[in-house]
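Trainee: A predicted structure for the sequence below; I have some questions about it.
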Amino acid sequence: MVNANVTRNRLEWETTNNFNDCGVFAMRHMEMYKGGAISFECGFSTNKDIQKMRLKNLRMKIATKLLLSDENVYKGTVMELAKETIHGMKDERVQNMLNEESLKQDECWRMLSKWKMDQKI
C-alpha cells in the first residue's frame, strides 16, 4: 500500500461549498462503487435542485437504517417514542403529515425521471 499510486477521479456531480453533505456523499459512494471502473453511477444529478432532493432522501434513508438497526441499543426506545407520538396525535393530523411527505416524494421522483429523460440516461 505504501507504494500504491493514488488517483483522484473527477465526478460529474462534484459540489463546491457544500460542507453539510460530505457524509451522505461518502456513504453513497461506498455503497455504489464496485471497484475497477474509472466512472460509476451513484444516482446524483448535476442539477442542483434535483441533487438537493436526492441528498434529503438519502439522509432519511440512512437515518432510518441507523435508528432501526438491530445493532442500535436504543432501537426499542426509538420505536416506543414513535408509537407514543403517533398515538398522541389525532389521526387526521398524522394522515395530513403522511400525505405531505408522500407528495414531496412523488415530486422528487417526477423531477428525477424528467431529468433522466432529458439527459437520455
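Mentor: Thanks, I have it.

Trainee: and whichever strand or helix holds Trp115, what does it pack onto?
Mentor: In this structure, Trp115 is located in helix 91-119 according to DSSP states H and E. If you count contacts as 3 or more C-beta pairs under 8 Å, 6 or more residues apart in numbering; DSSP states H and E, helix 91-119 packs onto helix 48-68. Any C-beta I mention is one placed from the backbone N, CA and C, and that applies to glycine too.

Trainee: avg pLDDT for the helix or strand following the helix it packs on?
Mentor: Per DSSP H and E, the first helix or strand lying C-terminal to helix 48-68 is helix 75-88. The average pLDDT for helix 75-88 rounds to 82.

Trainee: what's the neighbour count on Ile86?
Mentor: Neighbours of Ile86 under the rule other C-beta atoms under 10 Å: 12.

Trainee: my read: it touches Gln95, true?
Mentor: No: Ile86 lies out of contact with Gln95 (C-beta atoms under 8 Å); the separation is 10.9 Å.

Trainee: residue contacts, the residue nearest to Gly43 when sequence neighbours are not counted?
Mentor: Once flanking residues are discounted, Gly43 sits nearest to Arg54: 6.5 Å by C-beta to C-beta, 6 or more residues apart in numbering. Residues near Arg54 by C-beta atoms under 8 Å, 6 or more residues apart in numbering: Gly43, Phe44, Ser45, Cys108, Leu112.

Trainee: from Trp13, how far off is the second one?
Mentor: Yep, that's Phe44 we're talking about. Distance of Phe44 to Trp13, computed by C-beta to C-beta, to the nearest Å: 4 Å.

Trainee: overlap in contacts of those two?
Mentor: Common neighbours of Phe44 and Trp13 are listed as Gln51 (criterion: C-beta under 8 Å, 6+ apart).

Trainee: could you find the closest non-adjacent residue to the most centrally placed residue in the chain?
Mentor: Nearest to the geometric centre of the chain sits Leu58, at 0.7 Å (C-alpha atoms, centre = their mean). Spatially, and ignoring its direct neighbours in sequence, Leu58 is nearest to Val24 (5.2 Å; C-beta to C-beta, 6+ apart).
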